[in-house]
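Chemist: Kindly generate the corresponding structure for this input.
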Amino acid sequence: QVQLVESGGGLVQAGGSLRLSCAASGRTFSNYAMGWFRQAPGKEREFVAFISWSGLTTDYTDSAKGRFTISRDNAKNTAYLQMNSLKFEDTAVYYCAADQTWFEGSMKRAHEYDYWGQGTQVTVSS
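Modeler: The predicted structure is shown next:
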């Protein structure tokens with residue numbers, strides 16, 4: 001089992017940047033594909049970004065492309081989500097998720113992940 005802890009959320013003005021971190025513990029981090037999801041009030045949880053276990057494959061939801069960057073540092077057991085040019089509609093609780101797989105294909109559905117963090121709030125003021 002792997003434990004995930006997100007950090008880095010906060011309040012930022014539109015156009016600003018935040019970097020979210022997801023620290024993993026408990027298992028070999030490099031065996032896990034990682035995803036970021038978000039959930040705004042009254043809305044369903046939605047996919048934001050994906051990175052494969054190797055880091056070779058990344059994928060983003062359309063609204064994040066060109067603004068967000070997912071990365072990982074296997075030596076630090078941490079995944080990151082760099083968010084630039086933030087918009088009001090990016091406001092949500094952001095969750096990281098992990099799945100033990102060596103599959104390189106993108107994983108965009110929440111049910112594909114076995115482990116989840118507790119979430120970190122991102123609030124973008126307009």
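Chemist: For Ala97, see how far away Met107 is.
Modeler: According to C-beta to C-beta, to the nearest Å, Met107 and Ala97 sit 9 Å apart. (C-beta placed from N, C-alpha, C; glycine too.)
Chemist: what touches both of these two?
Modeler: Common neighbours of Met107 and Ala97, using C-beta atoms under 8 Å, 6 or more residues apart in numbering, are 35, 113.
Chemist: higher neighbour count, these two?
Modeler: A direct count of neighbours by other C-beta atoms under 10 Å for Met107 and Ala97 places Ala97 higher, at 24 against 21.
Chemist: now that one, nearest residue through space, not along the chain?
Modeler: Leaving aside its sequence neighbours, Ala97 sits nearest to Tyr113 (C-beta to C-beta, 6 or more residues apart in numbering; 3.7 Å).
Chemist: Ramachandran angles for the one you found?
Modeler: phi -110, psi 140 (degrees, to the nearest 10).
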